[in-house]
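Student: predicted coordinates and the sequence they were generated for:
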Amino acid sequence: MPAAEESYGINKIVDNISRLSPDLLAEACQHILTYLQGQTRGVDSAEISDRFHRAGVRLEHEALQNIVRFLLLTFRSAGKNNLSGDDLVSRLEEGSNKWFKASLQVLHRLWSEHGASVHAQQEVQAMLSIGQLVDMQWKLGMAVSSDTCRSLNSPYVSVLMRIVEPSGHICQKSFEMTVPQFQNFHKQFKEMAAVMETV
């Protein structure tokens, strides 16, 4: 993306952020910082959107997504570089001259309070950069056609897992197992749970 287009894009996002009251901006940032500190499983844009609507702020879906993405990347980058509140504000001002002072004060205050915790969480995630299981569902079915089953009309278990990737994106993985495979899978999960209770 050319520098002029990138600058226009950032200025547009900053304009939209400036439409938010300091309290509303702080609330949205708090959602993002809570996620970056490892206290929630993801950033719920729908909840942020509902809050904006209740406060009378009307933004298109894409504009809201851009605000959330921008704040997420800003805080993630500040955590990675272990920036102070002053350094964060300086970088934001270098990126756009459209910032309102009240918005920068909110970001400075929140980053000063939570930045060290975000940085620590990112260091832990870097060491353990794997996805996190959010939800798992299974159902029993009957095979009527299959490449792997020797005989049709044999039972199988279909498993659907929802996983939060290190980026924060929630993805779904599905697979099928025979009943004996699922029983072994279940046994291993129980053994893992027993071990984790002793930690």
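Tutor: Nice, I can see it. Here the structure is a predicted model, which means the values were calculated and not measured.
Student: which residues touch the residue nearest the centre of the chain?
Tutor: Nearest to the mean C-alpha position of the chain, counting by CA atoms, centre = their mean, stands residue 168 at 3.0 Å. With contact taken as CB atoms under 8 Å, 6 or more residues apart in numbering, residue 168 is in contact with 35, 42, 43, 72. Where you see a C-beta, it was placed from the backbone N, CA and C, and this is true even at glycine.
Student: quick check: the third one touching residue 37?
Tutor: So the one you mean is residue 43. No: in this structure, residue 43 is not within contact of residue 37 by CB atoms under 8 Å, at 12.0 Å.
Student: still on that earlier bit, so how far is residue 44 from the residue nearest to the centre of the chain?
Tutor: Distance of residue 168 to residue 44, computed by CB to CB, to the nearest Å: 11 Å.
Student: next: residue 173.
Tutor: 21 Å.
Student: from the contacts of residue 168, pick the one nearest residue 124.
Tutor: If you rank the contacts of residue 168 by distance to residue 124 using CB to CB, residue 35 comes first, at 14.1 Å.
Student: since we're on residue 63, how many residues are nearby?
Tutor: 15 (other CB atoms under 10 Å).
Student: what is the one helix or strand it maps to packed up against?
Tutor: Assigned by DSSP states H and E, residue 63 falls within helix 61-80. Judged by 3 or more CB pairs under 8 Å, 6 or more residues apart in numbering; DSSP states H and E, the packing partners of helix 61-80 are helix 3-18, helix 22-36, helix 45-54, helix 85-95, helix 101-127.
Student: three-state assignment of the residue nearest to the centre of the chain?
Tutor: Under DSSP: H, G, I helix; E, B strand; the rest coil, the three-state class of residue 168 is coil.
Student: what does stretch 55-72 rub up against?
Tutor: With CB under 8 Å, 6+ apart, stretch 55-72 has contacts from 9-10, 12-13, 16-17, 19-21, 24, 28-29, 32, 35-36, 43, 45, 48-49, 52, 168.
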